[in-house]
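*Asks:* fold the stuff below for me.
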Amino acid sequence: MRFFAKRGRVRSGALALAAVLAVSACQDQETSDPLLPTDFSSDEAKVRFETSSFVAESGSRVTLSLRVTEGDIAALQGYIQFDPTALRYVGQLQEGTALSVLNTTQAEAGVLRLAAVDHTGLDRAALLGFEVLRGSYAPSLRFQGEYAYDLRERSIKTRFDGEVVAAADLPSAADARAWSIDEMALRLDPTIGGSRPAQLPGASNRYGDATQDNLVNVLDALYAANTVVGNPGFECIIGTGSPNRDCVAVNVRPENAPGLGGPGDPCPPGIDVCGRGDRTVNVLDVLPIRLEAVGQNQNVVGEIIPQESVIGAGDTVIIAGPLTITGTRTFSADSLYILRGGTMTVGVETGLAGEIQFQPGTRFESDSLSAIFVTRNGRIIADGTQSQPIRFTCELQGPVRAQSCWGGIFIAGNAVVNEAQPGLPAAPAIPGRNPSGGGAQREGEGGAVNFGGLNDADSSGVLRYVVVEYGGRTISTNNELNNVTIGACGSGTVIDYLQVSEGSDDGLEIFGGRCNVKHLLASGNDDDQFDFSFGYDGRVQFQVIHHDSLGSDKGHEVDNTETAATYNNAPRTVPDLANITFIGGTSATSAGLPSGAANKTALHYRRGAGGHLQNILLVRYATHVLGDNVETCNLIGNNGPAGGGLGTGDGWTFTTSVAIDPAIVTAGTCAAQLSAHLTAGRMVATGAAYAGQLKAPFFRALPDYRPVGSGVTVAGQSPTALGAPWDPATYYGGVAPAGSGGSIPWYAGWSVGF
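*Replies:* This next block holds a predicted model:
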């Protein structure tokens, strides 16, 4: 039997036993997981079980060990499986230098999750005591590997050879018991004293410091190992906060020595910016922490985590507006910038180009009269990191900040929009941006700059690890600034890890263009959380849409154009959207609405707009999909995703999505077509009100949008397994499931509560 590194799914009761038997039936089957490492070394390790007795009588105890028989493994992670009708788990025995931690919450179902590390090399990865319930227990023993690494931190294939052999040197099971973390620490390091410091969320400032006491020792390795296996009380403290370092502290590998995530580091540890990071805490993170604890200096571990600068009273820079920036202006993290008196406009559209650059960790504030406008001849480069996000907010001029206390950010691009503004000529020629001129253009709402052209590959800059809050302003009906507005962004524009929170009007609005959007957290905005129109057809993946119960309108509002005669204009608004979580309700049941729902609409498609949606998760909505106008109704069910990939053509389709509500509710002039399309198995309701399927989605200060366990499940449907050009994701919603404790949500450590 071969087990490659695979994230297993713990099952309970009879299902867990069925899983054990299924493993027995599929020997020699190789398994893989697209989220896990594929750069295995050519080496292979073998593991097997040893027993102190094959002939133990019912009621007696036996000792079992998981033994490495071939290969040089320093870290091993996976599931030990046994028949719970033949064996009852009693506890562990501890010996040698191995750090061995178990999750026993599924022991009655015959499953133990193991994380074992030994900086000298693993021999016996676990010593376990069992009570024998019946004699024939050995055939049920199996090991399902998740991760294995050698001392050089190479990923190694792990084969369970299926053998159970007698070993005379195993210690007696009479002393097997549950060990506290303090006892384990004292055994591994008698100088540590077994002390366990209080855990203070966000206090850690060193990589590897899981206990947050500003030291790295064996306690940190044990804490991290308990996080790996998902033991209660040891999961990463995630949620949002400024800053939150708990997950960052233990997620130390893979790393990019000596890069530590600071300015200029292209591959910060734990961040998958360049394909070398991850968002899972596993034994590869525990191993270097253990090595550091025994005096073997490790890259990253023990180093100070880069963080936002502490700004003193003399480090405030006042910027007088209105002003226009040409050339390049850089804003550094060691100063607080406050824009007062008007708009900062970047670039002169038919003149000099301009660019504003924000270093990681920069904080930029504005008064109520001010906003940032980036012209078609300008760019904004706001490229933060997980530990040093860039934050745009308003100047505090009263007891608290509130919606509409500044104008927000408007970014204009040179990509195609599908309806010209009446009275405007074709878009001008802009060297390097819209070189030949031409294409429809439109006026920016709220008095912002014009946008549009013919360059769908245009780049308006970068928004990455950026928080924009309290922005936007209503000028008149249908004439508003938003938290962030992007007009005609080209595919060269980067929008990734962006939070738009508590804005006036919309959180993020995109008019036309082709830019892709990834990792968007839109929370508490007054109108729509995400609004797109005028031919926008980019790709959107990994979003959380969280309404404010006191305000907010729709999760997504989607139009093709705004004029009835042009509702079928091309290019049509038909983006491809995958892995989005919509949170519509609150923790309390709203009177007069379906149980647990708030008076919210998740999706509103109208005016000829289409799109292709998959792996969507909706929680507590009065209306799930609202469709209006015959031009949109005619698209429903047409041109679905091909082979689980991108949509094809001007259609509107839903696949593999779940509403955690009693029933699917559609509305509008397209209600009948929507209902027919969705109830054909494309969107499934759970049949009951929300009952804890997500960890803490309604706790606004520190929300946790992860599905519990291995994810939301519904009968007869599975989420789409996405392949290129999507990021791998086989689950419903915008955030990976909590699993057994090691997964880190993408919004942790840099975003803020609302």
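*Asks:* can you give me the strands in the stretch 401-550 of the chain?
*Replies:* Using DSSP state E, counting those that start in this stretch, the strands of the stretch 401-550 of the chain run over 409-412, 461-469, 473-476, 479-481, 484-489, 494-501, 508-513, 516-523, 530-533, 539-546.
*Asks:* and residue 129, which of the ones you listed is closest to it?
*Replies:* strand 539-546 (43.6 Å; CB to CB). To be clear about C-beta, it is placed using only N, CA and C from the backbone, and glycine gets the same treatment.
*Asks:* just checking: what are the partner strands of the closest one?
*Replies:* Paired neighbours of strand 539-546 in the sheet (DSSP bridges): strand 516-523 (parallel), strand 576-583 (parallel).
*Asks:* wait, which of those is closest to residue 673?
*Replies:* Across the strands paired with strand 539-546, residue 673 has its closest neighbour in strand 576-583 (19.0 Å, CB to CB).
*Asks:* quick one, what contacts the residue lying closest to residue 482 once chain neighbours are set aside?
*Replies:* Leaving aside its chain neighbours, residue 482 sits nearest to residue 506 (4.3 Å; criterion: CB to CB, 6 or more residues apart in numbering). Each residue near residue 506 by CB atoms under 8 Å, 6 or more residues apart in numbering is listed here: 472, 480, 482-483, 485, 525, 527-531, 557.
*Asks:* gap between residue 506 and residue 552?
*Replies:* Noted for residue 506: a distance of 10 Å to residue 552, by CB to CB, to the nearest Å.
*Asks:* overlap in contacts, those two.
*Replies:* Contacts common to residue 506 and residue 552, judged by CB under 8 Å, 6+ apart, are 525, 527-529.
*Asks:* lowest pLDDT pick from the residues you listed?
*Replies:* Lowest pLDDT within the shared contacts of residue 506 and residue 552 is found at residue 527 (85).
*Asks:* what number of residues lie near residue 180?
*Replies:* Other residues near residue 180 come to 10 when the count uses other CB atoms under 10 Å.
*Asks:* for residue 563, same thing?
*Replies:* 11.
*Asks:* now residue 542
*Replies:* Residue 542 has 25 nearby residues by other CB under 10 Å.
*Asks:* again with the one 5 residues further on
*Replies:* Other residues within reach of residue 547 by the criterion other CB under 10 Å amount to 28.
*Asks:* that one contacts residue 601, doesn't it?
*Replies:* No: using CB atoms under 8 Å, residue 547 makes no contact with residue 601, being 9.7 Å away.
*Asks:* need the overlap of contacts for these two.
*Replies:* Shared contacts of residue 547 and residue 601 (CB under 8 Å, 6+ apart): 555, 584.
*Asks:* residue 126 is in contact with residue 115, isn't it?
*Replies:* No: contact criterion CB under 8 Å: residue 126 and residue 115 do not qualify, at 9.8 Å.
*Asks:* what do those two both touch?
*Replies:* With CB under 8 Å, 6+ apart, residue 126 and residue 115 have common neighbours residue 100.
*Asks:* which SSE is residue 608 in?
*Replies:* Under the criterion DSSP states H and E, no helix or strand holds residue 608.
*Asks:* burial measure for it, as a count.
*Replies:* 28.
*Asks:* and the one 4 residues further on, by the same measure?
*Replies:* When counting by other CB under 10 Å, one arrives at 24 neighbours for residue 612.
*Asks:* phi and psi next, for it.
*Replies:* The phi and psi values for residue 612, taken as degrees, to the nearest 10, are phi -130, psi 120.
*Asks:* so it versus residue 544, what's the distance?
*Replies:* For residue 612 relative to residue 544 (CB to CB), the value is 20 Å.
*Asks:* what of residue 424?
*Replies:* 36 Å.
*Asks:* so for these two, which sits in the more crowded spot?
*Replies:* It is residue 544, of residue 424 and residue 544, that has more neighbours when counted by other CB under 10 Å, with 27 against 13.
*Asks:* got a list of what the more buried one touches?
*Replies:* Counted by CB under 8 Å, 6+ apart, residue 544 has contacts 520-523, 580-581, 583, 705, 734-735, 747.
*Asks:* equivalent analysis for residue 747, please.
*Replies:* 240, 497, 499, 519, 521, 544, 705, 735.
*Asks:* so what pLDDT did it get?
*Replies:* pLDDT at residue 747 comes out at 89.
*Asks:* also residue 596?
*Replies:* 48.
*Asks:* ditto for residue 419
*Replies:* pLDDT, residue 419: 97.
*Asks:* need the phi and psi values for it.
*Replies:* Dihedral angles (degrees, to the nearest 10) for residue 419: phi -150, psi 120.
*Asks:* looking at the chain, which helix or strand is least sure?
*Replies:* Here the helix or strand of the chain ranked lowest by mean pLDDT, DSSP states H and E is strand 2-3, holding a mean of 22.
*Asks:* quick one: low-confidence ranges for the stretch 51-200 of the chain?
*Replies:* Filtered on pLDDT under 70, the stretch 51-200 of the chain yields the residue ranges 193-200.
*Asks:* where do the helices sit along it?
*Replies:* 181-188 (DSSP state H, counting those that start in this stretch).
*Asks:* quick one: the strands in it?
*Replies:* With strands called from DSSP E, counting those that start in this stretch, the stretch 51-200 of the chain shows them at 61-70, 75-81, 87-92, 99-103, 111-117, 124-132, 142-149, 155-166.
*Asks:* in JSON lines, list the ones you listed along with mean neighbour count.
*Replies:* What follows is the strands of the stretch 51-200 of the chain, written out as JSON lines (neighbours: other CB atoms under 10 Å):
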{"stretch": "strand 61-70", "mean neighbour count": "20"}
{"stretch": "strand 75-81", "mean neighbour count": "27"}
{"stretch": "strand 87-92", "mean neighbour count": "20"}
{"stretch": "strand 99-103", "mean neighbour count": "25"}
{"stretch": "strand 111-117", "mean neighbour count": "27"}
{"stretch": "strand 124-132", "mean neighbour count": "22"}
{"stretch": "strand 142-149", "mean neighbour count": "25"}
{"stretch": "strand 155-166", "mean neighbour count": "18"}
